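>>> Sequence plus predicted model, see below.
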Amino acid sequence: MDRRAQRERAFLLVFERSFHICDADEEVAPMKSYFDDKIICGFTRQIFEGVQKYEQKIDKIISSSIVGWDKNRLSRVVLCILKLAVYEMLFEDDIPVGVSINEAVEITKKYGAEKSSSFVNGVLGIIAVRLETSNSKVRK
């Protein structure tokens, strides 16, 4: 399975988790009805667990980057996609920031409201500039 499909699976896990908070192992169990063990591993699981592990930091970055918006007003789809992309931008050194943004926009086009993809692109663009100017890319 290619990274795009794995990233989409990770988004579905993050989205599912947004309805209730529990640890990663508890969350993966109900998703096994949708995906087999081969899909909930590797890159998919890495991203899902990374978003969960760094969620507070990711939420702060998103909140400070959505000018004129409150994080609680964002749709769950948009918020989960932003979390996924910000995690990648901060912690996945082998993924160029532009790829993370593009993939997030594509997932938003598939799952989000009609104009959500331009919003996601704009927010992630702001975050990318901030990361570049502050050199905040976190190394594992």
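Arrived safely. Residues are numbered from 1 along each chain as shown.

>>> Break down the chain into its helices, ranges please.
Using DSSP state H, the helices of the chain run over 3-17, 24-31, 42-53, 55-65, 76-91, 97-111, 116-134.

>>> so which of the ones you listed is the most packed in?
Mean neighbours per residue, mean count of other CB atoms under 10 Å, is largest over these for helix 76-91, with a mean of 24. Where you see a C-beta, it was placed from the backbone N, CA and C, and this is true even at glycine.

>>> returning to what we had before: export the helices of the chain as TSV, with columns for mean pLDDT.
Listed next are these as TSV, based on pLDDT from 0 to 100:
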stretch	mean pLDDT
helix 3-17	89
helix 24-31	55
helix 42-53	89
helix 55-65	94
helix 76-91	96
helix 97-111	96
helix 116-134	93
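
>>> I'd say L90 and S134 touch.
No. Checked against CB atoms under 8 Å, the pair L90 and S134 is beyond contact range at 11.4 Å.

>>> Please name the residues that touch the residue nearest the centre of the chain.
Against the mean C-alpha coordinate of the chain, by CA atoms, centre = their mean, the closest residue is L84 at 0.9 Å. Applying CB atoms under 8 Å, 6 or more residues apart in numbering to L84 gives the contacts R7, A10, F11, V14, I47, V51, A104, I107.

>>> And F11, by the same measure?
Here F11 is in contact with C80, I81, L84, I107, Y111 (CB under 8 Å, 6+ apart).

>>> separation between it and V51?
Separation of F11 from V51 (CB to CB, to the nearest Å) stands at 9 Å.

>>> With I107 instead?
According to CB to CB, I107 and V51 sit 13 Å apart.

>>> do S100 as well
The gap separating S100 from V51 is 12 Å, by CB to CB.

>>> Grab the nearest non-local neighbour of S100.
Using CB to CB, 6 or more residues apart in numbering and skipping residues adjacent in sequence, the residue nearest S100 is E88, 4.0 Å away.
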